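Chemist: No sequence on hand, only this structure:
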């Protein structure tokens, strides 16, 4: 994986998890260790937010509400790479760090690691570990109480890691160092959005250091082939309701030519009916999405769509892996997907198949065409690192200073070092863009230092300005429709006995079959009825242990 595909994967995985609150199963009994924070306690623990102004983006963020704003856009890589850290952050300490890596693991002690140690002022033995087996590797470490000094624990695996149980037991409480204005000692960390720090909070204390954070976390959207539709005089603003989309599907489908209008769109389209990510509160009570009439309305629409002949047969057969190929080839013209797919790599793959390729996305709309559009936010990050509780105060302060270096803003001197290595050794400037040498391709991996701490996400696709303009324009047009869902960014350690109810896998499997036309809406209703008793126990637990004690997190 290169840096761009890693970002796409991180966003996609986080985005998938964003369709549910951060509910973490905690083994051993009904009482959880660690968990949600109170509104008052969280406010006291959260670091003060101080936005960075050292690097000016070409496209400035657009605010959508409290803690909600679009990502900044960069059309060029900053020519003047400002320094945001004076001198060397470390004091010569020796540490170990473990991060997951999906790719070839670089050799220990390589030239990039050596250069980073010199820049950081510490001896950091970084140990990238096979991401495919990370979920089994980490619990082995924690059970033996042999964690490294610094470790990356992706939030989508909180359940398997029992992160809530580790917080305070094996993971260091960072609240005394970062709460409120204390974080001003680390200005790059202070520029991370509050929601990202909240994602690393357990029991009114800050434990996690965020990476790849954003104030515009949208799990995914409904994309379309903008080049093909606009050539036919069709623009996105013509689709203002589910009926409009259905009619467009009929218009665009030409099975004789091997063209179907749609691929699978359920995952990111169902919220347009006003369906919550998982829960909403009505009259002070939790209501599950399965209990809403809007959920069944959305399901009925997707079932009818599957039966209409407008969806590609391979999509109905569940062949998701080839979805991108169908989209690039123009075999499908509308497809649901994670927003991380809208990037330079996508543009390169698309234009390789069709030189006119251009991705677009429909704006958020209300399915009925008259209600106010709305879409729930995802969690502000799913990538968090933690420090070992065994570290002394001085060691924690040293590593936080290092984290401050790693979190330097996009395009700064520190960012360039962390992400591209030494100029002339690991990268060269090609038309103003840092471009890897062979050594850089071999040794500079984004799932190493950037997985320990990194700056907030930006939209940047050097060499493909139109992609950056299109994506940032779409964010700006839709940020006003975003809202914080119930239990937003809350870490809730569910009892193991309720984890199955929360996943509701039997229901979700039937939903998928219904959206593919294989089962009817009545079959989903039957699956929901079979799930309801366990769902009610889950609701009761969440009401008593979270809603009544901690609120909604909104």
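Modeler: Done, it's in. Source: prediction; values computed, not measured. Numbering: from 1, shown residues only.
Chemist: and the longest helix along the chain, how far out from the chain's middle?
Modeler: In the chain, assigned by DSSP state H, the helix with the most residues is helix 521-542. Relative to its chain's centre, helix 521-542 lies at 28 Å (CA atoms, centre = their mean, to the nearest Å).
Chemist: Is residue 385 part of a helix or strand, or is it coil?
Modeler: Assigned with DSSP: H, G, I helix; E, B strand; the rest coil, residue 385 falls in the strand class.
Chemist: Any idea what it is bridged to?
Modeler: residue 152, residue 209 (DSSP bridges).
Chemist: Count the residues that sit near it.
Modeler: 26 (other CB atoms under 10 Å). Any C-beta I mention is one placed from the backbone N, CA and C, and that applies to glycine too.
Chemist: In contact with it, which residues are there?
Modeler: Applying CB atoms under 8 Å, 6 or more residues apart in numbering, one finds that residue 385 lies in contact with 99, 150, 151, 152, 153, 208, 209, 211, 403, 451, 452, 453.
Chemist: how distant is the following helix or strand past the longest helix of the chain from the center of its chain?
Modeler: Next along the chain after helix 521-542, taking DSSP states H and E as the criterion, comes helix 548-550. Remark: helix 548-550 is offset 26 Å from the chain centroid, using CA atoms, centre = their mean.
Chemist: Likewise for stretch 480-497?
Modeler: The answer for stretch 480-497 is 14 Å, by CA atoms, centre = their mean.
Chemist: can you map out the strands along the stretch 151-300 of the chain?
Modeler: 201-202, 205-206, 209-211, 220-225, 260-262, 279-282, 285-288 (DSSP state E, counting those that start in this stretch).
Chemist: That should have said the stretch 401-550 of the chain, apologies.
Modeler: Counting by DSSP E, counting those that start in this stretch, the strands of the stretch 401-550 of the chain are 427-430, 433-436, 459-460, 482-483, 492-495.
Chemist: Quick check: mean pLDDT of the fourth one?
Modeler: Per-residue pLDDT values across strand 482-483 average out to 94.
Chemist: cool, and stretch 93-101?
Modeler: Rounded to a whole number, the mean pLDDT of stretch 93-101 is 97.
Chemist: Give me the residues contacting it.
Modeler: 122-131, 134, 141, 148-152, 154, 385, 395, 398-399, 445, 447-448, 451-452.
Chemist: Could you turn the buried ones of those into a ChimeraX selection?
Modeler: Entered in ChimeraX, the line below selects the buried ones among these, by 16 or more other CB atoms under 10 Å:
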select :122,124,125,126,128,129,131,134,141,148,149,150,151,152,154,385,395,398,399,445,447,448,451,452
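Chemist: Go through the contacts of stretch 93-101 and flag which are in helices.
Modeler: Short answer: the contacts of stretch 93-101 in helices (DSSP H) are 134, 141, 395, 398, 399.
Chemist: Can I get these in JSON lines including pLDDT?
Modeler: Shown next, in JSON lines, are the ones in helices among the contacts of stretch 93-101 (pLDDT from 0 to 100):
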{"residue": "134", "pLDDT": "96"}
{"residue": "141", "pLDDT": "95"}
{"residue": "395", "pLDDT": "98"}
{"residue": "398", "pLDDT": "98"}
{"residue": "399", "pLDDT": "98"}
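Chemist: If we only consider those, which is nearest to residue 498?
Modeler: residue 134 (24.8 Å; CB to CB).
Chemist: neighbours around the closest residue to residue 476 other than its chain neighbours, how many?
Modeler: Among residues not flanking residue 476 along the chain, residue 62 sits closest, at 4.5 Å (CB to CB, 6 or more residues apart in numbering). Look at residue 62: counted by other CB under 10 Å, it has 19 neighbours.
Chemist: next one: phi and psi at residue 62?
Modeler: phi -110, psi 130 (degrees, to the nearest 10).
Chemist: so what's it up against?
Modeler: Residue 62 neighbours (CB under 8 Å, 6+ apart): 69, 70, 475, 476, 479.
Chemist: Farthest pair within these?
Modeler: Using CB to CB, the contacts of residue 62 reach their maximum pairwise distance at 69 and 476, which is 9.9 Å.
Chemist: Who has more neighbours out of the two?
Modeler: Each of residue 69 and residue 476 has its neighbours counted (other CB under 10 Å); residue 69 has more, 22 against 18.
Chemist: quick one, phi/psi of that one?
Modeler: Torsion angles, degrees, to the nearest 10, at residue 69: phi -160, psi 150.
Chemist: thought it was touching residue 215?
Modeler: Yes: counting by CB atoms under 8 Å, residue 215 is a contact partner of residue 69 at 4.4 Å.
Chemist: list residues touching both of those two?
Modeler: Among the neighbours of residue 69, those also in contact with residue 215 (CB under 8 Å, 6+ apart) are residue 61.
Chemist: residue contacts, the closest residue in space to residue 506 that isn't next to it in sequence?
Modeler: Using CB to CB, 6+ apart and skipping the chain neighbours, the partner closest in space to residue 506 is residue 527 (5.6 Å). By CB under 8 Å, 6+ apart, the contact set of residue 527 is 506, 507, 510, 511.
Chemist: again, but for residue 464
Modeler: Residue 464 neighbours (CB under 8 Å, 6+ apart): 344, 347, 348.
Chemist: same question, residue 514
Modeler: So residue 514 contacts 299, 302, 303, 306, 520, 521, 523, 524 (CB under 8 Å, 6+ apart).
Chemist: wait, the last one sits on residue 506?
Modeler: Okay, so that is residue 524. No: Residue 524 is beyond contact range of residue 506, at 10.3 Å (criterion: CB under 8 Å).
Chemist: Could you report the distance from the spatially most distant residue from the centre of the chain to residue 328?
Modeler: Taking CA atoms, centre = their mean, the residue of the chain most remote from its mean C-alpha position is residue 256, at 38.8 Å. Going from residue 256 to residue 328 by CB to CB, to the nearest Å gives 21 Å.
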